[in-house]
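Student: Any chance you could fold what I've pasted below:
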Amino acid sequence: MEKILSPGNERIKHIAKMLSTAKERKYSGKYMSEGLRMVREVPAEDLDQLFMTQEFFEKHVSEDERLMRLVNISNDRNDCFIVSDAVLRKLADTENPQGIVATVNMKTYELDDLLGDASEIPLIMVIERMQDPGNMGTIIRTAEGAGATGILVSYDSVDVYSPKVVRASMGSIFRKHIVVTVDLLGDIRRLKEKKIRVYGMHLNGSSIYETKLTGPSAFLIGNEGAGLTKEISAEADKLLRIPMMGEVESLNAGTSATIISYEALRQRIKAGEDILFGGF
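Tutor: Predicted coordinates for the structure are as follows:
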């Protein structure tokens, strides 16, 4: 493995610039994964380059089979580097990096990829103008946990490949189909043409617990403060709300997405059990 000890190394400066903004990440087709847990989640086929300190290598790599495999793959391509603490800090997004970062190749998906395979009932999270990286990462993670087949995101939302979103997704970003669109309205209409029923989360909607969510579904989740725009909410086949007790008016976008997607999962599991066991 080649050693890189100076933050002024041309490769390091190039990567730091390449990954510094959403525009540069999109142009390069790469993003950053940082820390032991996140790097070991990177699919081998998506791994670009690997950087770690000598201390990290000696402490962790030999004891972690999955991490060792990634190191061997990148080393065989001459894309694995031992770096100084100063170099790692230049590449990392956190104040106290754990000793390892990886650059990852973005995957490109089309709208049809969000529908899942023939054995799945489509369940799509549609995100409009979301700005908080924690919420976005939570939704990506929730989408995997609740069995969503994909995520459609408007271009004016927070960058789904920003370091904070990647960390908040806890590895789910590597496994979920995500499409960032410049034509959210048109893509929603195309989903409807494919017999996907579209539900908008709205304070004036019907209770999610009184709505059947077992069929092909897409859930519209809006901006944290302003919610869905009138133009997008008008495309919903039905508006839904999460019932609230006390004086709470609404939940944050990440929490709302979690509740609605898991209610859909609960109903689908129940429907499957009814088919298997005759409703008992």
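Student: Flag the helix or strand of this protein with the lowest per-element mean pLDDT.
Tutor: The least trusted helix or strand in the chain, going by mean pLDDT, DSSP states H and E, turns out to be helix 253-277, with a mean of 86.
Student: Which phi and psi values does residue 241 adopt?
Tutor: The phi/psi pair for residue 241 (degrees, to the nearest 10) reads phi -140, psi 160.
Student: That one and residue 227: what is the separation?
Tutor: The gap separating residue 241 from residue 227 is 11 Å, by CB to CB, to the nearest Å. From N, CA and C alone the C-beta is placed, and that goes for glycine too.
Student: Who has more neighbours out of these two?
Tutor: A count of neighbours by other CB atoms under 10 Å puts residue 227 above the other of residue 241 and residue 227, at 21 against 18.
Student: and the nearest residue in space to the more buried one that is not next to it in sequence, how many neighbours does it have?
Tutor: Distances taken as CB to CB, 6 or more residues apart in numbering place residue 202 nearest to residue 227, at 6.9 Å, with adjacent residues excluded. Residues within reach of residue 202, counting by other CB under 10 Å, total 18.
Student: check contacts around residue 202.
Tutor: 227-228, 233, 236, 239-241 (CB atoms under 8 Å, 6 or more residues apart in numbering).
Student: Just those residues: which are in strands?
Tutor: 239-241 (DSSP state E).
Student: Tabulate the residues you listed in CSV, adding columns for distance to residue 107.
Tutor: Shown next, in CSV, are the ones in strands among the contacts of residue 202 (distance: CB to CB, whole Å):
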residue, distance to residue 107
239, 32
240, 30
241, 34
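Student: so which of those would you say is closest to residue 2?
Tutor: residue 240 (54.2 Å; CB to CB).
Student: All the helices of the stretch 51-200 of the chain, residue numbers only.
Tutor: 54-60, 65-76, 85-91, 133-145, 163-169, 184-193 (DSSP state H, counting those that start in this stretch).
Student: Nearest to residue 108, out of these?
Tutor: Short answer: helix 184-193, nearest of the helices of the stretch 51-200 of the chain by CB to CB, at 15.2 Å.
Student: Now do the closest one: distance to the chain's middle.
Tutor: 21 Å (CA atoms, centre = their mean, to the nearest Å).
Student: so where's the chain uncertain?
Tutor: Low-confidence segments of the chain (pLDDT under 70): 273-280.
Student: Please verify my assumption that residue 149 contacts residue 115.
Tutor: Yes. At 6.0 Å, residue 149 counts as touching residue 115 under the criterion of CB atoms under 8 Å.
Student: So for the two, which residues contact both of them?
Tutor: Counting by CB under 8 Å, 6+ apart, the residues touching both residue 149 and residue 115 are 122, 124.
Student: mind listing what's buried in the strand with the most length in the chain?
Tutor: Of all the elements of type strand in the chain, the one with the most residues (DSSP E) is strand 197-207. Applying a neighbour-count criterion of 16 or more other CB atoms under 10 Å, one finds 197-202, 205 buried in strand 197-207.
Student: CA atoms only for that strand - export them in PDB, please.
Tutor: Written as PDB, here are the backbone C-alpha positions of strand 197-207 (Å, rounded to 0.1, in the frame of the first residue of the first chain):
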ATOM      1  CA  ARG A 197     -51.700   5.300  -5.600                       C
ATOM      2  CA  VAL A 198     -50.300   8.600  -4.300                       C
ATOM      3  CA  TYR A 199     -50.800   9.800  -0.800                       C
ATOM      4  CA  GLY A 200     -49.900  13.200   0.500                       C
ATOM      5  CA  MET A 201     -49.000  13.800   4.100                       C
ATOM      6  CA  HIS A 202     -51.100  16.800   5.200                       C
ATOM      7  CA  LEU A 203     -52.600  18.300   8.300                       C
ATOM      8  CA  ASN A 204     -56.100  18.300   6.700                       C
ATOM      9  CA  GLY A 205     -55.900  14.600   5.500                       C
ATOM     10  CA  SER A 206     -57.600  11.500   6.700                       C
ATOM     11  CA  SER A 207     -56.200   9.300   9.500                       C
END
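Student: angle of it against helix 184-193?
Tutor: Per axes from the mean of the first three to the mean of the last three CA atoms, to 10 degrees, the angle that strand 197-207 makes with helix 184-193 is 100 degrees.
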